[in-house]
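In: predicted coordinates and the sequence they were generated for:
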Amino acid sequence: MQKLALLGFGTVGQGLAEILAEKKAALKAETGWEGKIVAISDVMKGSIYDPDGLDIEKALHIVKRTGTLDDYPDSERLVRDLDSFDTIEQTNADTIVEVTFTDVKTGQPAIDHCKAAFRAGKHVVMSNKGPVALAYKELSQLAQQHGVRWGFEGTVMSGTPALRMPLTALAGNDIKEITGILNGTTNYMLLRMEEGLSYEEALEETQQLGYAEADPTSDVEGYDARYKIVILANTVMNSLLKVDDVQCEGITHLTPYDIKKAKSKGKRWKLIARVSNENGQIKASVKPEMLDETHPLASIQGVLNAVTFECDLAGTITLSGPGAGRTETGYSLLIDLLNIYRNHL
Ligand SMILES: NC(=O)C1=CN([C@@H]2O[C@H](COP(=O)(O)OP(=O)(O)OC[C@H]3O[C@@H](n4cnc5c(N)ncnc54)[C@H](OP(=O)(O)O)[C@@H]3O)[C@@H](O)[C@H]2O)C=CC1
Ligand SMILES: N[C@@H](CC=O)C(=O)O
């Protein structure tokens, strides 16, 4: 029985909790895996810990009804108000689910959450992009030193296996270029603006749907896609790309007029992230590009994302699927948990 502690109980944390509540019996029957949430620690919603396991359906119901965990029933075992580090260090969880916000400058406090968890001998699964984009090598080594595993499938294209697919199914290829639409929020906004919504209306919809970052500046300025292309470069291409080395431009200057004008010419604006390896020189960028409607990436619409791998053996391989979403990203954490259980990430 894997014992889980959730740091953050927003869209994604609740998404995972819902999956575990709904699919508990099926997961046990089909895979043998059993997971129990023993702790939740969230800044505004509160923190609860029960070493025997929380009643997760009750916690979900209460947080949806009241916005906090304050009404979760007290018991002899229940401990409240542990902060994130106490939750890592003082609970009996063996796996930390890091689903706090992604900080696009420092990656904190998530980087320190990973370090504390690894040093305490605990696995980490996360959809938080900061630690993987900024400290991949250091944290991988630390996890290895402590004999624990680190899963982060959801950091790129949420539950669509944009990392595990190339690392496993495309193993042995020399991947010279990766190109993709890696941000669900902006791709959704571009579609809705093409359909007639204003920039502000389109952005608000993405926030209501749970696609946008806590600070959506990260989405619209391209910082989120920049983190993702760095993660792909460093994990899949085994490079040492730094965030600051990636040329980055967002979609904030695109107006509904620009989008309509492109459409009248049979074209579409897309926020394209790209990394290439030219004789050992790694070049990467994130910027809006006007693609012909016949281009394969032009048909990737709304919250769908896609990534193309240029492989020396397998040829050009494209994977598409949701790039954001409550259940989809909750699911990405489940993939990591199941793979820890099966003992390979
Ligand atoms: N939503 C999506 O589709 C996807 C999200 N991600 C990533 O997953 C992570 C979670 O996203 P999402 O659930 O949408 O974000 P939310 O903003 O909905 O949830 C994040 C939660 O973390 C809490 N939190 C912030 N700091 C801390 C802390 N130090 N300790 C404990 N809790 C903390 C917040 O608390 P409060 O608000 O109460 O202050 C909030 O409830 C982010 O890093 C995001 O980039 C990745 C892929 C897709
Ligand atoms: N805000 C991000 C969420 C997933 O990483 C996006 O829109 O893609």
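Out: Everything's here; your move. Ligands and ions are numbered 1, 2, ... in the order given.

In: what parts of the stretch 101-250 of the chain come near ligand 1?
Out: Phe101, Thr102, Pro109, Ser127, Asn128, Lys129, Gly154, Ser158, Gly210, Tyr211, Glu213, Ala214 (Cβ under 6 Å from any ligand atom). Yep, even glycine has a C-beta here, placed from its N, CA and C like the rest.

In: of those, which ones also sit close to ligand 2?
Out: The residues of these that also fall near ligand 2, by Cβ under 6 Å from any ligand atom, are Ser158, Tyr211, Glu213.

In: next one: the first one from Lys265, what distance?
Out: Looking back up the chat, that one is Ser158. Distance check for Ser158 against Lys265: by Cβ to Cβ, to the nearest Å, it reads 32 Å.

In: do Lys122 as well
Out: As for Lys122, its distance to Lys265 is 54 Å (criterion: Cβ to Cβ).

In: quick check: which element contains Glu57?
Out: helix 56-66 (DSSP states H and E).

In: tell me which strands and helices that helix is in contact with?
Out: helix 11-31, strand 35-42 (3 or more Cβ pairs under 8 Å, 6 or more residues apart in numbering; DSSP states H and E).

In: and the next helix or strand past that helix?
Out: Going down the chain from helix 56-66, the next helix or strand is strand 79-80, by DSSP H and E.

In: right, is that next one up against ligand 1?
Out: No - Strand 79-80 does not reach ligand 1 (Cβ under 6 Å from any ligand atom); its nearest approach is 13.9 Å.

In: report the buried residues of whichever helix or strand comes after that strand.
Out: Remark: after strand 79-80, the chain's next helix or strand is helix 84-90, criterion DSSP H and E. Neighbour counts over helix 84-90 (16 or more other Cβ atoms under 10 Å) mark Ser84, Phe85, Asp86, Thr87, Ile88 as buried.

In: same list (those) but as CSV, adding pLDDT.
Out: Output for those, formatted as CSV (pLDDT from 0 to 100):
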residue, pLDDT
Ser84, 98
Phe85, 98
Asp86, 98
Thr87, 98
Ile88, 98
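
In: farthest pair in the residues of the stretch 101-250 of the chain next to ligand 1?
Out: Using Cβ to Cβ, the two most remote members of these are Pro109 and Tyr211, lying 23.3 Å apart.

In: between these two, which one's more packed in?
Out: Tyr211 (29 against 20; other Cβ atoms under 10 Å).

In: pLDDT on stretch 201-216, on average?
Out: Throughout stretch 201-216, pLDDT has a mean value of 96.

In: I'd guessed Leu197 sits against Glu205; true?
Out: Yes - with contact defined as Cβ atoms under 8 Å, Leu197 counts as touching Glu205 (7.4 Å).

In: number of residues surrounding the closest residue to ligand 2 within the stretch 201-345 of the chain?
Out: Closest contact between the stretch 201-345 of the chain and ligand 2, by Cβ to the nearest ligand atom, is at Ala324 (3.8 Å). Residues lying near Ala324 (other Cβ under 10 Å) number 29.

In: give the residue farthest from the middle of the chain.
Out: Going by Cα atoms, centre = their mean, the residue of the chain most distant from its centre is Glu76, 35.9 Å out.

In: check contacts around it.
Out: By Cβ atoms under 8 Å, 6 or more residues apart in numbering, the contact list for Glu76 is empty.
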